[in-house]
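>>> Quick one: sequence plus predicted model below, questions after.
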Amino acid sequence: MPLHTMSHPEVRQLYVDHQGWLRSWLLGRLRCGFTAADLTHDTFLNLIELPEQPVLRQPRAFLQVVASRLMINRFRRMQVEAEVLRTVALMAEDDCAPSAEDKACARELLGQVLALLATELDVKSRTAFLMARVEGRSYREIAAELGVSETRVKQYLAKVLAHCHGRMAAAVPEPEPEPEQDTSEDRAPAHA
């Protein structure tokens, strides 16, 4: 697909021509006006942030693909957030600090993640991740250091997080279902 630099007036016109349609399309899938509006905005923002945009022969198809990917990412993020909140709520219910065993498991997991980064990912992705998450550097600083665009830095980080998430999900066994307890009332009472 040929690429060119899209000017702000072109993006503005694309927004004027298609934002209403895109928002309606998203609303039909999400059933939430606020989320549909957010993802519509994010779709066009994503387009503006591209260093070079594709020549759009079918702009609605392109916008639909970008919006679909953003929608999937949003659902994944919501699932992770819900799991984190559930875990925090369980910890609050227990009202206890992590045990020595929990701390040891966390250290071991961190060691595995760092080993994973060192052996299974390319240098730029690993470096971008460590610079962002360990050193706390901005995307702009990382981009300048690595000689890439900020968009590429975001792609590196997404790649690392997806890879780690996939590896961790594969390593965690599915919980076993709890045995059903017999609550039938037709048992004869035991007499001594």
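All right, it came through fine. Computed from a prediction, not measured in an experiment: that's the story for all the values here.
>>> going forward, measure contacts between C-alpha atoms and count neighbours the same way
Will do.
>>> for this protein, what helix or strand is lowest in average pLDDT?
Each helix and strand of the chain was given a mean pLDDT (mean pLDDT, DSSP states H and E); the minimum falls on strand 3-4 at a mean of 52.
>>> and the next element down the chain from that one?
Following strand 3-4 in sequence order, the next helix or strand is helix 8-30 (DSSP states H and E).
>>> How about residues contacting that following helix?
Under the criterion Cα atoms under 8 Å, 6 or more residues apart in numbering, residues 33, 35-37, 39-40, 44, 47-48, 59-60, 63-64, 67 lie in contact with helix 8-30.
>>> Apply 6 Å and report the result again.
Contact with helix 8-30 is made by 33, 36, 40, as judged by Cα atoms under 6 Å, 6 or more residues apart in numbering.
>>> pLDDT of the next helix or strand after it, averaged?
Next along the chain after helix 8-30, taking DSSP H and E as the criterion, comes helix 33-49. Confidence for helix 33-49, expressed as mean pLDDT, is 90.
>>> can you check stretch 124-132 too?
86.
>>> Now do the buried residues in that stretch.
If you call a residue buried by 16 or more other Cα atoms under 10 Å, then stretch 124-132 has these buried ones: 125, 126, 127, 128, 129, 130, 131, 132.
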